[in-house]
Each structure stands twice: as structure tokens, then as C-alpha cells.
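Asks: Sequence plus the predicted model coming up.
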Amino acid sequence: MDFLRPASWEEALAAKAEHPTAVPIAGGTDVMVEINFDHRRPEYLLDLNRVGELSEWEVGEETVRLGASVPYTRIMENLRPELPGLALASHTVASPQIRNRGGVGGNLGTASPAGDAHPALLAAGAQVEAESVRGSRLIPIDDFYTGVKRNALAPDELIRAVHIDKADGPQQYSKVGTRNAMVIAVCAFGLALHPGTRTVRTGIGSAAPTPVRAKAAEEFLNAALDEGGFWDNGRIITPSVAKQFADLCAGACNPIDDVRGTASYRRHAVGVMARRTLMWTWESYRGTDRAARRMGGAA
Amino acid sequence: MGTTGLPTNLTQGSRTKGGIGESTLRPDGVLKVTGEFAYSSDMWHEDMLWGQILRSTVAHAEILSIDTAEALATPGVYAVMTYDDLPTEVKHYGLEIQDTPVLAHGKVRHHGEPVAIVAADHPETARRAAAKIKVEYRELPVITDEASATAPDAIHVHEGRTDHHIGHVAHPNIVHRQPIVRGDVAAARERADVIVEGEYVFGMQDQAFLGPESGLAVPAEDGGVDLYIATQWLHSDLRQIAPVLGLPEDKVRMTLAGVGGAFGGREDLSMQIHACLLALRTGKPVKIVYNRFESFFGHVHRHPAKLYYEHGATSDGKLTHLKARIVLDGGAYASASPAVVGNASSLGAGPYVIDDVDIEAIALYTNNPPCGAMRGFGAVQACFAYEAQMDKLAAKLGMDPVQLRQLNAMEQGTLLPTGQAVDSPAPVAELLRRVKAMPLPPEQQWLTAGEAPDVRQLPGGLSNTTHGEGVVRGIGYAVGIKNVGFSEGFDDYSTARVRMEVVGGEPVATVHTAMAEVGQGGITVHAQIARTELGVTQVTINPADTQVGSAGSTSASRQTYVTGGAVRNSCELVREKVLEIGRRKFGTYHPAWATAELLLEGGKVVTDAGEVLADLVDVLGDEAVEVEAEWRHRPTEPFDLRTGQGFGHVQYTFAAHRAVVEVDTELGLVKVIELACAQDVGKALNPLSVLGQIQGGTVQGLGIAVMEEIVVDPKTAKVRNPSFTDYLIPTILDTPTIPVDVLELADDHAPYGLRGVGEAPTLSSTPAVLAAIRDATGLDLNRTPVRPEHLTGTA
């Protein structure tokens, strides 16, 4: 195994162009497990740790440009107001030691359905900044996951950053594991309210071959909120609407039975998380968020 | 000594510091916490090779061929060995039944069985070479449960058994059967006003010790071998290793290396023989270290069990009878299965008075992973079932579950179903009273002054699954009985060598035993005993090795009792010799030398009234006093093979738990809020260590209640989760507060009145948690561990 250590982003792109089979490594959260278990013996490892810019982030007017290697700890500590869903997801990643090393780029690169960041990225509506010596492009998160542990990257591309809109409304994230810390998701759910566009977005983890959105559930809820004038009147969402939303989220799952849980449980749990996160975000929107919006409007 | 030869320093008689009853600190504690402790996997030797084991990829198969040519041709490889390369006629080992091949011969019987071994100059080279060994298998049907094991046409997991259990089992795939029959169950059943039945399932638990199996074998010039090894019992290993190597036992010199936990998982051999074989074959030191994946295949686990229980009671709550059948899955090799059967059956009725009992326990041979010793050893599985039964019975009678238990609780003098009287305190009702009387933890601890709840206090924790929705609290109780020490007539002795001499102007004691310090704190206690008995401050504990007699196993909660007893006994013999010297030197100066009870305290010889007669420095002068002696507790006897009657156990130990859990009933997630424990320890030699044992045992019991299970595919008998990613053990965030109430009711048969501590809390913790979950959910849960799908109807 050859170990490539580019000193800059340009060198990294050149190395990846020259060795398209090279496996990029930053925190090593996924890659080192695979190597240690001998599931993977890449010809080349492409160490991105010398590319300092990957660990930086910029908070713009509308979006956060999050470097691929920004550790989860930094997201939790520094980006909670802008990226509340992703910050909550970051909290559930493994242990403090791993959160100090792992970043969103690794989750995206591995594209495991169990990656903790995916549901939050789907719900927030992120874009993946991929680059190669051929140029740079933004891949909408909806198009990013193409199969079990497969993504839309070309062989010569690397993930440079993720662009995520700053939260314009409440976001929540829940993950089920069978212990209270350091656990791989049995299933996970992310929900973001987008009052600006009067839409909701969802993300489901570990309950289908790829991370997925519950699009039918989103459409149902968007319509229900719209019809009832909920975004303006801030009324309490009725239990029947919440239940329908939850059922549709459960229906969006296509899970398997495995050693971590049954398919039936995953479907059930996604429904419960969908209902709860909807209540939490909506309560938050009805209270503080909507009040702030009204006051902002008045001023 | 004073210049005139008179005794000196006679004025300051004082109690010896750091003796028994004090919480002296462990010498290994800080090193372990800071990562500086040298574990067996840290050893290094100039020129050493690395050993690697090739394991079977299937559970049950004939081996048609093994081709090692390519592996042997790999540069850096020094040796490849298979069964055919074993040097002597002895090619099997085992704790009681020698049924385990050193390397597979003709057949593999479980997933992960060692087939070949490789030594190379780099661990990666060894690993790759092992992967080049071509093994051709012809797969056989797998035997995975009682039905498939005892079917008339079932393949015999072991052909042609000749062991001493084969005569009394109904099928060659049953390792051992022990009935315990007392009274007349049929007649007693007639008296019962209520009867409750239950079928219970106990999952396969792993010891999950932190330090994987490892050791270093160094060939010696005399043709022997020095083995540095993490184990639970050096001499038991030695007895099994030496014949396979074709060496006399004195040429296999074993020294205990740093042990990273054991919990029963190191009672059986793992890589010991393999490392020695490779070292002797290559003439070079050979180190073998399992990784975590291999460790899951490298040691036995706790027997999974199916338990069928029927209890009857009169309408006022008095137990009438018990009928029980306990089926333990021993897996492919016998390991400790016979003794586990003995425990499960003889303790199967629990700490209750029941006159009419019919219990049968068996262990199976299957193609599942071999199972053997683990903390609680058969008593754990039984406790899970009989405590669930007590709750069922209480519900049916409309009684308080604690009151029902107290009403039937055994006490000193109660006859067990084996006919053996419990002849020391058995405060079962009192332990229950104490855990029940403890204040309950406050409700809804997740509520904060702010808006957001503290999710760490909720089921799911930081995974943020509930803010209080669906959360219901439940409370459950359980109590258990565990034997201490090896039972059923086993010669359960220990050996201690104690030396006393003056070093640097101070009296110093040296204690040398072969006791495996596996983290239980034995070496700390030995020093405390030596200080108490010999009145010295300085005690040197020599490394455990086979240059001294056997200490027996660090298992069965026995080491403080048995090796502690041996150290005390040798100290007493040393003291007698020291006093003889004293009498010889100074006897004429004071009449008390001849008449009084003399003690050694604070570096002096003192009378029982506290008068100082001499300084130990003066008494000993240049002499060293040394004694090596074996010590035995009172003997036990085997259980009758038909009735199970017999004085089978040395001592009993009891613990009770109250579990408080909060269950997210919609998601099926459980947070154990508190596990209160009361335990009688007879005498706490080191109170802090006692507390640690109780807390650790409690958490290990919590693990099997809600998360820990080795999952074996019933179709292939292959292990599905051999990693800490999917075999979950509790983290500190899963660990509840554990208030502990320690009783010290002396057992007059035991040294200092002490009672073994380590296992009892593991028994009652699990059923208490299950009872609390049943209380919270109203579900009739009959298996452990309980997983979210069991609580949400989505299994």
C-alpha cells in the first residue's frame, strides 16, 4: 500500500487524477476500520490531513461552506445556530475522540446508509462541492447517494466542502441505537422546517439501501400546513396529521433485518421519530421562532 | 538490636497500618488508568516471531485437505504447523474432559476453530501466510439446539466419547446431566393453590475483557520453554500444556503477564500451546496477540440457556414445589460445562425454602461457539428464571413481590434441594429489606430550568430520541444465591510462600503465590493480610509463576477466601517461627514470652494486652524465616448422580438488587436509572475493592439485561457480531448510580469470616432490570437481553 501525502489541495487533486483508485483518508473513522478488519486493502491511501483548508469553514450570508474535514466537535461547538440539525447529528457520532477526528466528508465518501450526518444533510438540503483536476461542481445531496455505499463522485473527484443553507427554522435529529452512546445507528431521522419556502424536508438513515428523504411525507405535510394556514397561524399540528406524516415516513423506509435490528422495528422507529421531531420543531416554530419572525417583520 | 543484646524500642506499640479492613490502594490502579500498565500484549523480545492462527470459516465440516505449501514458501515465514505436526501422542486438552484438539483433526466443530498456526517475522506476514493455507471442507449439517442435538439420527459432535459423564447421559450430544430431586413434587403440587409456569431464554454473553488473549513463549537452552501469559490459573494451564509439548512440567516455566480482565474467559487455554509449539519448532521467542475479532472466537462464552420453570404456592404465598428443567448450550467442546450444570441445578431453586423440588440441568454438545466459565457460572441463568417466576407468582397471588420473596427466603439452617444445610448467615430477607428501604431516585430527572430537557437523563441519551414522550418508570427486585469456591469434591487448595526478614533496617514480608491477578485486587489483599498477621508495613508481592505451588483459579469468587486463606495460614506459620526465635533470644527477659498470646503488630512482638516485648528487627536479626504451605477449605462432596444430594458447596453468597428503569415504551429504549445493591460479604478485607466488585458485577448484569449478546446464526452456527461495533457493552453513559449497602455477617468457616464477593451481584442485577422493564411496560418478557424490538412488538 502506498501512502500519498499531498501538501496542498492542488497536489491532492493531481494525486487522485493519477491514482483514481486511491482511497482518501482524513479522520480515518471508516477507512481505518475497514483496513483493520481487512475488508479493504487499497493500493493507495491519500492522506488529506496536510490540506489545512479542509478543516476550515466559512459562514456566508445564506450558507455555510463546511470543509470536508471539519471535525464533528467543531460543528457541535461552533455551528450550532447555523446548522442545528447537523450539530445534533454530530453529537451522536461515536465518542469524543472520534468526534475530534471525523468529519462530514468521510461520511459522504463512505456513503454508508448508517452515516450519522446524512439525514441532517438531506433535511437541510446540502450541496456537495466535488472537485477534480477537470474542475469543480456542486452535487445536490438528493443526487449524491447512488447505492449501498456508493455515491455520485467520479473516480478522480474529491470532496472539498459541503454547502449547507443556514437554518431558517427549527431542525431536529434523532437516532436510535441500543445503548446510550458510541453506537451505530439502528435507524435515524432528520427533520428541518424551512419557513422561508414554507416547506419541510426529511432525511432517513439506516432504513434503506441509501440515506433517503421521505418525499411523500414531505409533500403531504407541506400541503397540510399550507391548507390550514399553519405557517401563519402557528396552530398546533393535529395528532392525525402528525400520525399521517409519521406513517408516510415509515413507509419511505426499505429496511433489512440485520444483527442491529429488525426491518419491522426500523420502520416503526422511524415513524415514532418522525412524529416526535415534527412536534419538537413545530413547537419551537410556534413559540420562539415565529414570535421572532413577527417582531423582525414589525421592525 | 541493642548493643547489650537487650530488646529495644519497647515503647511505641501501635496497630499495623494498611492491614485488613482498610481500603489500601491497588498498585496497578493508577498505571491502568493512565495507560502505563504493561499488559501481556505489550511484551517484546529480541528476535521474536509473531504467531498467527488460521481458524475455520465454517462451523461443522470434515477437513478433506490442508495445503500449507504456499504459506511455508512465503518469505519471513519460519513455521507452519497443523495437527499432523503435533510432537506427541497427546493432542487434546480441556479443563475436565480433554476433548479439544490443539489443532483441528479431520473435522471442525465450530466457527473459528484453530486449524493451523504460522510463525513469521512480522505479524502482517504471519497473517497473510495464514490466509494462503488452503483448507478444503466438506460441510456437515449443524447442530444448534436441543432438538437437533438429541435427534435419534443426530451426528455425534464427538465420536466415541469415553469421558466419565457418558454413562449417565441419554445421548452422546449431552455433556452432563444433573438431577436434583428432593421430596415429592407430585404430592406437593396437590397442595398448591396457584401454579405459575414459564419458559425463559438467556442469551450468549461474552466476558468482553479489555485485554485480548496474548502471550510470549521463549524457548530455553534446556529444551524447555518459558511462557509469559495472561491467564486465570497458571497451574491448570501447565497441566494441559506440558503433555502436548512432551515436556515435564518443570521445563514449562510459566509467569503471569499483565492481565486485562478475565471474568471466566481465561479459564480455558487459548494461544498458550500454539505459542509454545511455534517457539520450540523455530527455536525463537514467539508472541501471539489476538485482535478483538479473534478474541470473540478465542475464548468460551456464557452458556445460553433455555429454562422451563414451574412453581406452586399456597394462597398465603408459601412455596409448595419447584419443577425445573435447564438446558445449557455448551457448544462444540466441554470446557467447564459439567461444573456449570452442577451449579445451575444445585442453585436452581434460588435462595428460597422449597421442600419439594425436581430440577434437571443438562449441557449440550452443539456446533455453536464453545461455552464455559463466566462470572456467575450457571447460577446466573437460573436466577434470571426463578426471579421472573417469583414476580409472576406474586402477581397471581396479588402479593407484593418483595414480601413474597421474604416470606420464602432461606436463612441460616435452611436445607438446600441438595440436602446441604446453609451453615452460615443467609440474610436473604434482610438484603431485600435494605434495597427496598433505600430512597428512590427523583422522578423526571431530565427536566431542567430551561426549555430543553437534559437528554442524557433520558432513554436514548444524546441520540435525542425522546424529550419525555412515552417514558414510563418501572421498579424491579431480585435476589440470588451463588456458591463460593470449587464444588462437588474438587480439591480446591491454594499455596502461599511467605518470607520474613530484615531489609534496610526494617522487617519486610514477601508473599509469593501463583494467584492470577486479573484485576480483582488479590495482590492488594495479600499485602493487607501479611501486614495484619506479621505486623510489618513493607510487603513485597512476588510475581505469580509456577515456581511456587498452585493457587487454584481466579474464579468462583474464591481467591480472597482460598489464596487469602493460604497467605494467612503461611503468615501464621511464619509468625510461630518468629516467636520461637524471639523466645530463644529474649524469652528470659519477660515472663509474657512463655505465658501470653503473642502477636506481631507495628513491627513489634506484643502481648494480647498490648505490651511490647521486642522489636521484630531485633528478633529476626540476620535470620530469614520462610514457609511454603498449602491450605484447604473444608472438603465438599460430589452430588449424587440420580438425586443430586450431597454436601456440594463450600460457602454461599447473597446479593439483592432493586432496579429503577425508565423505558421509552414507543421506541423500546431503556435507561437504567439506578441499580441499588445490598450484599453480605462476611468481612470486607478491602472495602473499596468490595465496592468495585459489586459495581462491576452489577454493570455486567445490566449488560446482559439490555444489550450484550453474541448472535449466532441458527442456520449456519456462525457468529454474526464478533466486534465491539455490534457486540455492545455498557458505556459509562449506560451505567446507573449504584448505591451499595454492604453487610458483614461473618461466616465462621472462612478466613476472617469473609465471603466471596465478585459473582453474586452479577446474578440479581439482570433479573432486577428485567422485572423493572416488565413493571414499566406490562409486557411478559421471557428472554434476556431484551432488545427494542421485543418492547415494541416488532421482533
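Replies: Cool, the structure landed.
Asks: Going by C-alpha atoms from here, please, whenever you check contacts or count neighbours.
Replies: OK.
Asks: can you pull out the strands in the stretch 401-550 of chain B?
Replies: B:471-484, B:493-503, B:506-512, B:538-541 (DSSP state E, counting those that start in this stretch).
Asks: Tell me what angle the third one forms with strand B:493-503.
Replies: In this case it means strand B:506-512. 160 degrees (axes from the mean of the first three to the mean of the last three C-alpha atoms, to 10 degrees).
Asks: elements contacting strand B:506-512?
Replies: The contact analysis (3 or more C-alpha pairs under 8 Å, 6 or more residues apart in numbering or on different chains; DSSP states H and E) places strand B:506-512 against strand B:493-503, helix B:522-534, strand B:538-541, helix B:616-620.
Asks: repeat for the second one
Replies: Helices and strands touching strand B:493-503, by 3+ C-alpha pairs under 8 Å, 6+ apart, are strand B:506-512, helix B:559-586, helix B:616-620, strand B:625-632.
Asks: Chain B contacts on the stretch 101-250 of chain A?
Replies: A:Tyr173, A:Ser174, A:Lys175, A:Val176, A:Gly177, A:Thr178, A:Arg179, A:Asn180, A:Ala181, A:Met182, A:Val183, A:Ile184 (C-alpha under 8 Å from any C-alpha of the partner chain).
Asks: Helices of chain A, residue ranges please.
Replies: Ranges of helices in chain A, per DSSP state H, are A:9-18, A:31-36, A:72-78, A:84-91, A:96-99, A:104-110, A:118-124, A:215-227, A:230-233, A:239-251, A:263-284, A:290-298.
Asks: Over to the stretch 651-795 of chain B?
Replies: Using DSSP state H, counting those that start in this stretch, the helices of the stretch 651-795 of chain B run over B:687-706, B:760-777, B:788-791.
Asks: which of these sits most buried?
Replies: Among those, helix B:760-777 has the highest mean neighbour count (mean count of other C-alpha atoms under 10 Å in any protein chain shown), at a mean of 29.
Asks: Packing partners of that helix?
Replies: Packing contacts for helix B:760-777, counted by 3+ C-alpha pairs under 8 Å, 6+ apart, involve helix B:379-397, strand B:471-484, strand B:651-664, strand B:669-680, helix B:687-706.
Asks: Ok, which of these comes nearest chain A?
Replies: Of all the helices and strands packed on helix B:760-777, the one in closest proximity to chain A, counting by C-alpha to the nearest C-alpha, is strand B:669-680 (7.0 Å).
Asks: touching chain A at all, that closest one?
Replies: Yes. Applying C-alpha under 8 Å from any C-alpha, one finds strand B:669-680 touching chain A at B:Leu669, B:Lys671.
Asks: domain ranges for chain A?
Replies: Using automatic domain parsing, the domains assigned to chain A come out as A:1-47, A:171-298.
Asks: same question but for chain B, I mixed them up
Replies: Per automatic domain parsing, the structural domains of chain B span B:29-37+B:493-632, B:40-140+B:212-259+B:266-298, B:412-485+B:649-791.
Asks: May I see the ones you listed arranged in a markdown table, with mean pLDDT and distance to A:Leu191 as well?
Replies: What follows is the domains of chain B, written out as a markdown table (pLDDT from 0 to 100; distance: least, C-alpha to C-alpha, whole Å):
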| stretch | mean pLDDT | distance to A:Leu191 |
| --- | --- | --- |
| domain B:29-37+B:493-632 | 96 | 41 |
| domain B:40-140+B:212-259+B:266-298 | 98 | 37 |
| domain B:412-485+B:649-791 | 97 | 13 |
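Asks: can you pull the buried residues of stretch B:606-625?
Replies: B:606-607, B:611-620, B:625 (16 or more other C-alpha atoms under 10 Å in any protein chain shown).
Asks: follow-up on the earlier one: reformat the helices of the stretch 651-795 of chain B as JSON lines; add distance to B:Ile326.
Replies: Listed next are these as JSON lines, based on distance: least, C-alpha to C-alpha, whole Å:
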{"stretch": "helix B:687-706", "distance to B:Ile326": "18"}
{"stretch": "helix B:760-777", "distance to B:Ile326": "16"}
{"stretch": "helix B:788-791", "distance to B:Ile326": "23"}
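Asks: quick one, which of the ones you listed is nearest to B:Ile166?
Replies: Checking the helices of the stretch 651-795 of chain B against B:Ile166 by C-alpha to C-alpha gives helix B:760-777 as the closest, at 30.3 Å.
Asks: what's the burial count for A:Ala216?
Replies: 14 (other C-alpha atoms under 10 Å in any protein chain shown).
Asks: can you check B:Leu210 too?
Replies: 11.
Asks: which residue sits closest to it, ignoring its sequence neighbours?
Replies: In this structure, B:Leu210 finds its nearest non-sequential neighbour in B:Gly260, 5.5 Å apart by C-alpha to C-alpha, 6 or more residues apart in numbering or on different chains.
Asks: Now do the contacts for that neighbour.
Replies: If you count contacts by C-alpha atoms under 8 Å, 6 or more residues apart in numbering or on different chains, B:Gly260 has them with B:Tyr39, B:Phe209, B:Leu210, B:Gly211, B:Pro212, B:Ala230, B:Val518, B:Gly519.
Asks: hang on, the third one is in a helix, isn't it?
Replies: Think B:Leu210. No. Assessed with DSSP: H, G, I helix; E, B strand; the rest coil, B:Leu210 is coil; it does not lie in a helix.
Asks: now it: how far from chain A?
Replies: For B:Leu210, the distance to chain A (C-alpha to the nearest C-alpha, to the nearest Å) stands at 16 Å.
Asks: thought A:Ala12 was touching A:Pro20?
Replies: No. Using C-alpha atoms under 8 Å, A:Ala12 is not in contact with A:Pro20; the gap is 11.3 Å.
Asks: so what's B:Gly372 closest to, chain neighbours aside?
Replies: B:Ala336 (4.7 Å).
Asks: wait, doesn't the one you found sit right on B:Glu96?
Replies: Yes. The criterion here is C-alpha under 8 Å, and B:Ala336 meets it with B:Glu96 at 7.0 Å.
Asks: Those two: who's more crowded?
Replies: For B:Ala336 versus B:Glu96, neighbours defined as other C-alpha under 10 Å are more numerous around B:Ala336 (24 against 14).
Asks: Show the contacting residues for that one.
Replies: For B:Ala336, the contact set (C-alpha under 8 Å, 6+ apart) comprises B:Leu95, B:Glu96, B:Cys371, B:Gly372, B:Ala373.
Asks: Those residues: which two are farthest apart?
Replies: Maximum distance among those (C-alpha to C-alpha): 13.5 Å, for B:Glu96 and B:Cys371.
Asks: Quick check: neighbours shared by these two?
Replies: Shared contacts of B:Glu96 and B:Cys371, defined by C-alpha under 8 Å, 6+ apart, are found at B:Ala334, B:Ser335, B:Ala336.
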